[in-house]
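# Sequence and predicted structure, then a few things I'm wondering about:
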Amino acid sequence: MALSSFFGDSVPYESLKRRARERKKSIDELKETLKQLKSAAKPSAARDVISKELEECWRQLHRLKRKLDDASVTERDDAQRCRARLDYLQALGRPARDAHIDWNRHRIDRILVDYMLRFGYLDAAAKLVKHGSLANLTDLHVFEGAQKVLASLARHECAEALEWCNHNSARLRKARSRLEFELRVQEFVELVRSGNMTGAITHARLHLAPWAGQYPEELQRAAALLAFKADTSCGPYAALLVQHRWLDLIELFKAELFRLHSLPPTSLLEIHLQAGLSALKTPKSMSDGCGTRDPLHLPTYRQLAENLPFAKHVHSKLICALTGEVMSEHNPPMALPNGYVYSEAGLKAMAAVNEGIVTCPTTGASYQVPDLRRVYIM
């Protein structure tokens, strides 16, 4: 399911559905405005009353026209993105002979753009989008709109994020999001931190009290902060004052952004890497004795593979650490007296240039060729 999101048609499709709902709402408002015009046309109505109602209707119609014009532009852009992605899927097919590199480059560019957008490298992503002609195949516009919010949260400001919540209030409420509540709590915390207790109380009455039914325990804990100083060491209340909460708000905003636009919570690059690592992960690869040829000896890859299941290998293969070749009946495994096993071909090649002496590359111990013993695997 996660890999299927690579084609990325969900973002413009979901946007088109939202615009359709908003357009219907605007049309319903237009119907109500027309009803007001009918009532204003009654002969019994006074001239000044009719004039005021007509002016109000004109303002409403002008506002609706502007809203519908904006919606039309957005719908056109989303339709272009949908069309471009459908055309891309239709033309994808299988790569031509000796054309795998070019065929994969387009896919890799999209994966890299997604990764850079998620981690704030918008300028680099925009350059790659332009260079690869990926404008309609990526979601640059979504992250450009969110960048202002992320920048304000990084400056420890909540205004931009609250404006974003207000713009998406219906969808956030339907998803039972706690983002707006956490932002309001953070504003309250900053007022307490600055010593503005009067402002904090006013803020709590206006912006926190409406959430009492949904988050009673969190609200009580925040309100109790009024009884403590900003340098309190009392666990539950000191946790509200740590600066790390701003990083938590950034991650919470990203999670809501991805959910509203039907984007996977993790980047496509991580998803594809995990798909490959799941075929390589074995108990040996996650142990301290993992060879350097195994990608999973790297800490970054190990972290990605940590929660993945082990790969299913019905028939094991022994790889010689000296030559990198598979050990078989034609190149049998040979055990040194210290217990380490290498291929016969690798040990013979070492002995040939070392006067019949083989040296274990792991421990540094040296042995004569007659000391080697063949290993049989049942």
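Cool, got the structure. Residues are numbered from 1 along each chain as shown.
# how about the helices of the stretch 251-378 of the chain, start to end?
Remark: helices assigned in the stretch 251-378 of the chain by DSSP state H, counting those that start in this stretch are 268-277, 299-305, 344-352.
# The longest one packs against which elements?
In terms of contact count using 3 or more C-beta pairs under 8 Å, 6 or more residues apart in numbering; DSSP states H and E, helix 268-277 is assigned the packing partners helix 100-118, helix 299-305. All C-beta spots, glycine's among them, are computed from the backbone N, C-alpha and C.
# Quick check: which of these is buried the most?
helix 100-118 (a mean of 17; mean count of other C-beta atoms under 10 Å).
# How far off centre is that helix?
Centre-to-centre, helix 100-118 and its host chain are 16 Å apart (C-alpha atoms, centre = their mean, to the nearest Å).
# tilt between it and helix 268-277?
130 degrees (axes from the mean of the first three to the mean of the last three C-alpha atoms, to 10 degrees).
# how about whichever helix or strand comes after helix 100-118: buried residues?
Later in the chain than helix 100-118, the nearest helix or strand by DSSP states H and E is helix 122-132. Under the neighbour-count criterion of 16 or more other C-beta atoms under 10 Å, helix 122-132 has 122, 125-126, 128-129, 132 buried.
# follow-up on the earlier one: turn the helices of the stretch 251-378 of the chain into CSV, including mean pLDDT and distance to Q368.
Converted to CSV, these look like this (pLDDT from 0 to 100; distance: least, C-beta to C-beta, whole Å):
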stretch, mean pLDDT, distance to Q368
helix 268-277, 90, 41
helix 299-305, 91, 38
helix 344-352, 93, 9
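# Quick one: closest of those helices to P236.
P236 lies closest to helix 299-305 among the helices of the stretch 251-378 of the chain, at 30.7 Å (C-beta to C-beta).
# before we move on, the earlier item: compile the helices of the stretch 251-378 of the chain into TSV and extend it with columns for distance to Q243.
What follows is these, written out as TSV (distance: least, C-beta to C-beta, whole Å):
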stretch	distance to Q243
helix 268-277	27
helix 299-305	25
helix 344-352	55
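# Quick one, which of the ones you listed gets closest to M378.
Between M378 and the helices of the stretch 251-378 of the chain, the tightest spacing by C-beta to C-beta is seen for helix 344-352, at 18.8 Å.
# quick one on the thing from earlier: which of the buried residues of helix 122-132 lies closest to A351?
Within the buried residues of helix 122-132, distances to A351 taken as C-beta to C-beta reach their minimum at L128, with 52.2 Å.
# just so I know, which of the helices of the stretch 251-378 of the chain lies nearest L372?
Nearest of the helices of the stretch 251-378 of the chain to L372, taken as C-beta to C-beta: helix 344-352 at 6.4 Å.
# For the closest one, name the packing helices and strands.
Helix 344-352 packs on strand 333-335, strand 357-359, going by 3+ C-beta pairs under 8 Å, 6+ apart.
# Pick the most buried one from the ones you listed.
Most buried of the helices and strands packed on helix 344-352, by mean neighbour count (mean count of other C-beta under 10 Å): strand 333-335, with a mean of 18.
# before we move on, back to that, mind checking which of the helices and strands packed on helix 344-352 is nearest R23?
Nearest to R23 among those is strand 333-335 (70.8 Å), distances taken as C-beta to C-beta.
# List of residues touching that closest one?
Contacts to strand 333-335, defined as C-beta atoms under 8 Å, 6 or more residues apart in numbering, come from residues 318, 320, 327, 341-344, 347, 372-375, 377.
# how about a cut-off of 6 Å?
Identification of contacts with strand 333-335 by C-beta atoms under 6 Å, 6 or more residues apart in numbering yields 318, 327, 341, 344, 347, 372-375.
# Domain-wise, how is the protein divided?
1-93, 143-260, 268-305, 318-374 (automatic domain parsing).
# For these, give me a markdown table that also has distance to L137.
Output for the domains of the chain, formatted as a markdown table (distance: least, C-beta to C-beta, whole Å):
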| stretch | distance to L137 |
| --- | --- |
| domain 1-93 | 6 |
| domain 143-260 | 14 |
| domain 268-305 | 12 |
| domain 318-374 | 39 |
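# With respect to those, which exhibits the lowest mean confidence?
Here the lowest mean pLDDT among the domains of the chain goes to domain 1-93, at a mean of 75.
# For it, what is the distance to the chain centroid?
For domain 1-93, the distance to the chain centre is 29 Å (C-alpha atoms, centre = their mean).
# Throw the helices and strands packed on helix 344-352 into TSV and include distance to Y367, thanks.
Formatted as TSV, the helices and strands packed on helix 344-352 follow (distance: least, C-beta to C-beta, whole Å):
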stretch	distance to Y367
strand 333-335	10
strand 357-359	6
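# Remind me what the longest helix seen in the chain packs against, helices and strands.
Counting residues, the longest helix in the chain under DSSP state H turns out to be helix 47-92. Secondary-structure packing of helix 47-92 (3 or more C-beta pairs under 6 Å, 6 or more residues apart in numbering; DSSP states H and E): helix 10-40.
# go again using 10 Å as the cut-off
helix 10-40, helix 100-118, helix 140-154 (3 or more C-beta pairs under 10 Å, 6 or more residues apart in numbering; DSSP states H and E).
# mind listing the strands for the stretch 251-378 of the chain?
Remark: strands assigned in the stretch 251-378 of the chain by DSSP state E, counting those that start in this stretch are 318-319, 326-327, 333-335, 341-343, 357-359, 366-368, 373-374.
# residues contacting L226?
Residues near L226 by C-beta atoms under 10 Å, 6 or more residues apart in numbering: 188, 191-192, 197, 200-201, 204, 237.
# Same question for N331.
Contacts of N331 (C-beta under 10 Å, 6+ apart): 318, 320, 323, 325, 343-346, 348.
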